[in-house]
Every structure is written in C-alpha cells, then in structure tokens.
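> got a structure for you, letters missing:
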C-alpha cells in the first residue's frame, strides 16, 4: 500500500534527519517505528503526510508517487490520516462538530451519512454520550480518542499515529491504546511511532528500529524484543529493561 524508496530529508541542506530510508507497508499491516528521541521517527511520519518536504527519494501510495511537486496533499491526506501528540480540537466546537468538519467541508459529503458514521465511531470508542460536549469538558484521553475518530471519519486507507499517548497522564494511556488495538484487529493499515514498548510488542506485525536517521533493524516483535540483531537496538531496549 505504501512504498518508500531512498527517502532523504535534511534541514537547511546541512542537517540530515532521514538518510536513504527504504520501507514498504502492506495493506492491513501494523508497523511500529521505534528509536531514541531525535532519530527521525516523527519526521518520517510528517514526510508521509506531506507536512515536511523531502530532498530525495520516492513515496508511493498504491503505486502512485505522492512526493512530487504536483502532489495534491489535500486529496492525499484524505487517504493518509494522521493523529498527533496534541489533539488540536477546535475549542468552540462540540465533539460532533469537530468530527464533521472534514467530511462536510473537505469531502462535501451528505450530512446525514457523515453524522451517522461519526456516531458509530464515537460509539465504538465509548464516547457517543459526549457528542455534544466541548473539548474543555473532556479528559486528555477522551480528547485523543476524539482526534482518532475525527481522522477515521475521513475514511483513510492508512493511519499514522505519532506518539499519541505522550501528552497523556499515565492512567489515560490505556484507553487510547485500546482503541488503536481495536483498529489493528479490524485490519486497519497503520504506522505507529511510540515509546510504549509493551504496546508496540502487542500491536505490531513488524518493528522498524531507526537510529540517527537510518533504519538499523526490521524484525517481528518477538524477534526484536527477545533477540535484537544490532548492538544499538540492544542498548535501546536495555533502557526499557527488555
């Protein structure tokens, strides 16, 4: 579904952030990207969603190059959904209004159909009763679940999650991770950046370990967590006592 070849990203043509990244993500696959802070994990997701320009390489979605100068990112982002660390809900809109903004304004869908889908998704994450609430009335975990619903309501082909639990209190982390685990069971194609090692082990089909802008190791969760092949990965996992 998503093919990355020779992706190269620099800042100011001096600092290399991503160095010759090659990665293929298959339909229905959950790929978890691990690595130390500053290694390029979040930047990679932002490149895949067109939020960062790349200086070399290709990104193909279903065989079509989406990294060219003529890429229509408004259209592409409807196929590649992304959820960030910060929920970025509009404070003056209700939960339902936040979710419907994209489907109605960008996709020009029928309101009745979009509302029905939004309510079904809210019910799935246990927040249907909060559809008329405002963001200030929600906990951090609830806001993040709403942000996930907002992205899903655009009917993306693939979902990107960038440290979605990083800004949450520990007791709120589980409710967000449970939603993502549910999506994995339903066959959603996902690329996830996280520091939650137990979650990574549970949800991933494949672990991609990045360090200093390069892919150092790719393995199944069992292989990576029980017997990492590279010394750098072993050092990384020792921090988390794996």
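Thanks, I have it. In this text, all values refer to a predicted model and were calculated from it rather than measured experimentally.
> for the rest of this, base every contact and every neighbour count on C-alpha atoms.
Will do.
> Three-state assignment for residue 234, please.
helix (DSSP: H, G, I helix; E, B strand; the rest coil).
> contact partners for it?
Going by Cα atoms under 8 Å, 6 or more residues apart in numbering, residue 234 touches residue 228.
> so for it, what's the pLDDT?
With respect to pLDDT, residue 234 has a value of 94.
> again, but for residue 241
pLDDT, residue 241: 62.
> gap between the residue of the chain most remote from its centre and residue 134?
Computed with Cα atoms, centre = their mean, the residue of the chain farthest from its C-alpha average is residue 112, at 28.0 Å. As for residue 112, its distance to residue 134 is 21 Å (criterion: Cα to Cα, to the nearest Å).
> hang on, residue 230 packs against residue 219?
No: look at residue 230 against residue 219 with Cα atoms under 8 Å: they stay out of range, at 11.1 Å.
> give me the more crowded residue out of the two.
Applying other Cα atoms under 10 Å to residue 230 and residue 219 shows that residue 219 carries more neighbours, namely 16 against 12.
> quick check: buried residues in the lowest-mean-pLDDT helix or strand in the chain?
Using mean pLDDT, DSSP states H and E, the weakest-scoring helix or strand in the chain turns out to be helix 73-76, at a mean of 85. Buried residues in helix 73-76, counted by 16 or more other Cα atoms under 10 Å: residue 76.
> where's it relative to the chain centroid, distance-wise?
16 Å (Cα atoms, centre = their mean, to the nearest Å).
> next SSE after that helix?
Heading C-terminal from helix 73-76, the first helix or strand you meet, by DSSP states H and E, is strand 80-83.
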